[in-house]
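# Need a 3D model of the following:
(one chain, ligands or ions: 1)
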Amino acid sequence: MFRQLLHSLSPSLVQSGRRSSLACSTNLALFSTQTTAKMSLEEAKKCAAYKAVDEYVKDNTVVGVGSGSTVVYAVHRIAERVKAEGLKLVCIPTSFQARQLIIEHGLVLGDLECNPRLDCAIDGADEVDAKMVLIKGGGGCLLQEKIVASCADRLVVIADYTKDSAKLGQQYRKGIPIEVAPMAYVPIKGKVESRFGGTLKLRMAVAKAGPVVTDNGNFILDWSFPADKEHDWDAVNREIMMIPGVVDTGLFVGMATKAYFGQQDGSVTERSA
Ligand SMILES: O=C[C@H](O)[C@H](O)[C@H](O)COP(=O)(O)O
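As a prediction, this is how the structure comes out:
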């Protein structure tokens, strides 16, 4: 039943990204409260993703493809536009998942060796604060995402309304992911806890015994930082990055230029840096 409803929604939503907000609102009204609650989150992601792609992806450009569930909608929309408008794009992946999405949608796969400069990168986020500082890496893909974003003229964030936050930690409670060399996870945990407080937990795999191993062969420590303090995230990030064995953090400071948040009613709100 749910699948049928979802399928019946799609055509009106894919006709035009610019009309997608209205289509989302109208269709959502058709469903019961229980179904709408579930639909809203996915529809919200889709509306944000479509809007970002329609506003930022231009012909003859190099586009960074982020990772996560929201990016799936962005890739669908990119593929639709490539087919409908004949856009010439090169897509640079930020993870194994992104690479698969690019290939499955028949898009042109590139890499940073051949395309070291990108026009824009479109990516999800686990949380976006009022100053456009991001937490990323909830899906373990932060390192390649940060590298690709650093090569892009613009990092455009796509997210649903649950990611919009005044202050980091208000919405996303799983902590800040830190990608580390496996041999160093215990000393890094101790150093971050004694310097900044909070607790770091080794992220464990779900369908495998042992820890999550990233696309780069590393471990992830999720740092539940003290929420009662004001943090200078730029300074915190720099200091953590100096600890030997830290590969990267899920703190993206001063990188995102624009964020789109899909709302429950089908509208999309925006924030700019
Ligand atoms: O590691 C994962 C990435 O940073 C994702 O972009 C982030 O977790 C947001 O993912 P989603 O769109 O599934 O909420």
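
# Where does the stretch 51-200 of the chain get nearest to the ligand, residue-wise?
G68 (2.6 Å; CB to the nearest ligand atom). (Glycine included, C-beta is placed from N, CA and C.)

# May I have the residues that are in contact with that residue?
97, 123-124, 138-139, 141 (CB atoms under 8 Å, 6 or more residues apart in numbering).

# is it true that L200 touches V180?
No: counting by CB atoms under 8 Å, L200 sits too far from V180 to count as a contact (9.4 Å).

# Which residues are in contact with each of those two?
188, 221.

# more neighbours, those two?
Shown here are L200 and V180; by other CB atoms under 10 Å, V180 has more neighbours (28 against 24).

# who's that one bridged to?
Beta-bridge partners for V180, by DSSP bridges, are F219, V246.

# Next one: it from N216, what distance?
Separation of V180 from N216 (CB to CB, to the nearest Å): 11 Å.

# Now the common contact residues for these two.
With CB under 8 Å, 6+ apart, V180 and N216 have common neighbours V247.

# out of everything not next to it in sequence, what's closest to Q264?
Leaving aside its chain neighbours, Q264 sits nearest to S40 (4.4 Å; criterion: CB to CB, 6 or more residues apart in numbering).

# Can I get the helix or strand hosting L200 as CSV, trimmed to CA atoms?
Using DSSP states H and E, L200 falls within strand 199-202. Extracted C-alpha coordinates of strand 199-202, given in CSV (Å, rounded to 0.1, in the frame of the first residue of the first chain):
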residue,chain,number,x,y,z
THR,A,199,33.1,10.7,25.7
LEU,A,200,34.2,9.0,22.5
LYS,A,201,32.8,5.7,21.5
LEU,A,202,34.2,3.4,18.8
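
# what comes up buried for that strand?
Within strand 199-202, the residues that count as buried by 16 or more other CB atoms under 10 Å are 200, 202.

# what's the average pLDDT for that strand?
What strand 199-202 shows for mean pLDDT is 98.

# Spell out which residues of the stretch 101-250 of the chain are next to the ligand.
Within the stretch 101-250 of the chain, the positions near the ligand by CB under 6 Å from any ligand atom are 123-126, 136-142, 145.

# for this protein, what helix or strand is lowest in average pLDDT?
Within the chain, no helix or strand scores below helix 2-14, which has a mean of 36 by mean pLDDT, DSSP states H and E.
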